[in-house]
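A.B. asks: sequence below, structure please.
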Amino acid sequence: MKVIDTHCDALLKLWENRDLRFAKEDRQLHVSLPEMEQGDVQLQVFAVFVPMNVPPGRRFHTALEMALLFHEQVVGSGLQPVYGRQDIDEVMNGNRRGAILFLEGAHPLEGSLTYLQTLYRLGVRGMGLTWNFRTEAADGCEEPHPSGLSLFGRQVIKEMNRLGMMIDVSHLAEPGFWDVMELSESSVIASHSNTMEYCSHKRNLSNEQIRALIKKESVIGLSFVPFFNTSEKRTVWIDDLLRHLDHVCSLGGVDHVGFGSDFDGIDKTFGDLSSAGKYQLLVEELLKRYTEAEVKKFMYENWLRVFKSVLQ
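C.D. replies: This is a model prediction of the structure:
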């Protein structure tokens, strides 16, 4: 079964280690072309995440380096870059796998809408306003006394709506989350977040937030990060992830949930979901609990709907 995954950090690994090659199988990469083929990942979102230790004045430049790596290595491996609705249709209905470029955190913009517009021209089609900490746009979920969106953050939301970019609320502190829900004229996504109901982590979503996302015709991508799935210190399995899926569905989210693994952004993976190549194990488990029509929604159809409603 085809898969759409809305978050991986393979670009960060490629940027940190220039000897890695996306087109070749390598145990250092959870997501590579061979892994995508093995797991039938038809469309993968690649995050540009500029490490927080990169100093101001170098962050935009670093984002440009990662965008270049995306085009050189990911697109260069044969994946089709997805910029709009037509590209999505071609990827999902054709023989080529696809790739979408996102920015994780607005700190590389350094307070400039021109930088946002430039990255859009280079293929970036989505952005989360923060990583865990404060940016010029908003506060991340790890800030001790978080506020909502800044004036710049509000300008960013307006510009992203105009450009047709996906707004990602993962990592965003709750006051900023509610600002986005009020201000955005389009559906948004939480590309890689789980539920507070089964794991009380700052990165996860409360029932109130999940209901708000459902009401806004948005989609939540459940993450494979072990400590977003359970607070217990043990090996995490697919069953732990499916508790979160069951819960979102119980809130009315069958049409509003998918998966955003966070592969290559985590040191430890699930016992049974160790790379993108293992995705069909998840499909097999889902088919034991849900109808085939529902599993198709989780694996790709819900993402297709929200992407095609926003991208131009």
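
A.B. asks: just the CA atoms of the helix or strand harbouring Gly153, as PDB, please.
C.D. replies: Taking DSSP states H and E as the definition, Gly153 sits inside helix 151-163. Coordinates of each C-alpha in helix 151-163 appear next as PDB, following Å, rounded to 0.1, in the frame of the first residue of the first chain:
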ATOM      1  CA  LEU A 151       3.800  40.500  14.800                       C
ATOM      2  CA  PHE A 152       6.300  38.900  12.400                       C
ATOM      3  CA  GLY A 153       4.700  35.500  13.000                       C
ATOM      4  CA  ARG A 154       1.300  36.900  12.100                       C
ATOM      5  CA  GLN A 155       2.800  38.300   8.900                       C
ATOM      6  CA  VAL A 156       4.300  34.900   8.100                       C
ATOM      7  CA  ILE A 157       0.900  33.200   8.500                       C
ATOM      8  CA  LYS A 158      -0.700  35.700   6.100                       C
ATOM      9  CA  GLU A 159       2.100  35.300   3.500                       C
ATOM     10  CA  MET A 160       2.100  31.500   3.700                       C
ATOM     11  CA  ASN A 161      -1.700  31.500   3.100                       C
ATOM     12  CA  ARG A 162      -1.100  33.800   0.100                       C
ATOM     13  CA  LEU A 163       1.700  31.500  -1.300                       C
END
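
A.B. asks: and the strands in the stretch 151-300 of the chain?
C.D. replies: For the stretch 151-300 of the chain, the strands defined by DSSP state E, counting those that start in this stretch occupy 166-168, 189-190, 219-222, 257-259.

A.B. asks: for the longest one, give the mean pLDDT please.
C.D. replies: Which is strand 219-222. Averaged over strand 219-222, pLDDT sits at 98.

A.B. asks: now swap in the first one and tell me
C.D. replies: The average pLDDT for strand 166-168 rounds to 98.

A.B. asks: cool, the second one as well?
C.D. replies: Per-residue pLDDT over strand 189-190 has a mean of 98.

A.B. asks: pull stretch 15-31 out as PDB, backbone CA atoms only.
C.D. replies: Only the C-alpha atoms of stretch 15-31 are listed here, as PDB (Å, rounded to 0.1, in the frame of the first residue of the first chain):
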ATOM      1  CA  TRP A  15      24.400  18.100   5.600                       C
ATOM      2  CA  GLU A  16      26.300  16.800   8.600                       C
ATOM      3  CA  ASN A  17      28.000  14.000   6.700                       C
ATOM      4  CA  ARG A  18      28.700  14.900   3.100                       C
ATOM      5  CA  ASP A  19      29.900  11.300   2.400                       C
ATOM      6  CA  LEU A  20      26.400   9.900   2.700                       C
ATOM      7  CA  ARG A  21      24.400   9.300  -0.500                       C
ATOM      8  CA  PHE A  22      20.600   9.300  -0.500                       C
ATOM      9  CA  ALA A  23      20.500   7.000  -3.500                       C
ATOM     10  CA  LYS A  24      22.300   4.200  -1.800                       C
ATOM     11  CA  GLU A  25      21.300   2.000   1.100                       C
ATOM     12  CA  ASP A  26      23.100   3.000   4.300                       C
ATOM     13  CA  ARG A  27      22.400   2.100   7.900                       C
ATOM     14  CA  GLN A  28      23.100   5.600   8.900                       C
ATOM     15  CA  LEU A  29      19.900   6.800   7.000                       C
ATOM     16  CA  HIS A  30      16.400   5.700   8.100                       C
ATOM     17  CA  VAL A  31      15.100   7.300   4.900                       C
END
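
A.B. asks: hmm, who's touching that stretch?
C.D. replies: When contacts are defined by Cβ atoms under 8 Å, 6 or more residues apart in numbering, stretch 15-31 is touched by residues 5, 8, 10, 13-14, 32-35, 41, 44, 62, 65-66, 69, 73-74, 76-78, 261, 263-264, 269, 274-276. Bear in mind the C-beta positions are built from the backbone N, C-alpha and C, glycine included.

A.B. asks: among the residues you listed, name the ones in helices.
C.D. replies: 10, 13-14, 33-35, 62, 65-66, 69 (DSSP state H).

A.B. asks: do you know how far the closest residue to His107 other than its chain neighbours is from Leu14?
C.D. replies: Closest residue in space to His107, ignoring its immediate chain neighbours: Thr135 at 4.4 Å, by Cβ to Cβ, 6 or more residues apart in numbering. As for Thr135, its distance to Leu14 is 23 Å (criterion: Cβ to Cβ, to the nearest Å).

A.B. asks: same question, Arg21
C.D. replies: 8 Å.

A.B. asks: if you count what's nearby, which of those two comes out ahead?
C.D. replies: Using other Cβ atoms under 10 Å, the more surrounded residue of Arg21 and Leu14 is Leu14, with 25 against 15.

A.B. asks: for that one, what are its contacts?
C.D. replies: Neighbours of Leu14 in contact, by Cβ under 8 Å, 6+ apart: 20, 22, 66, 69, 73.

A.B. asks: check Cys199 too.
C.D. replies: Counting by Cβ under 8 Å, 6+ apart, Cys199 has contacts 227-231, 244.
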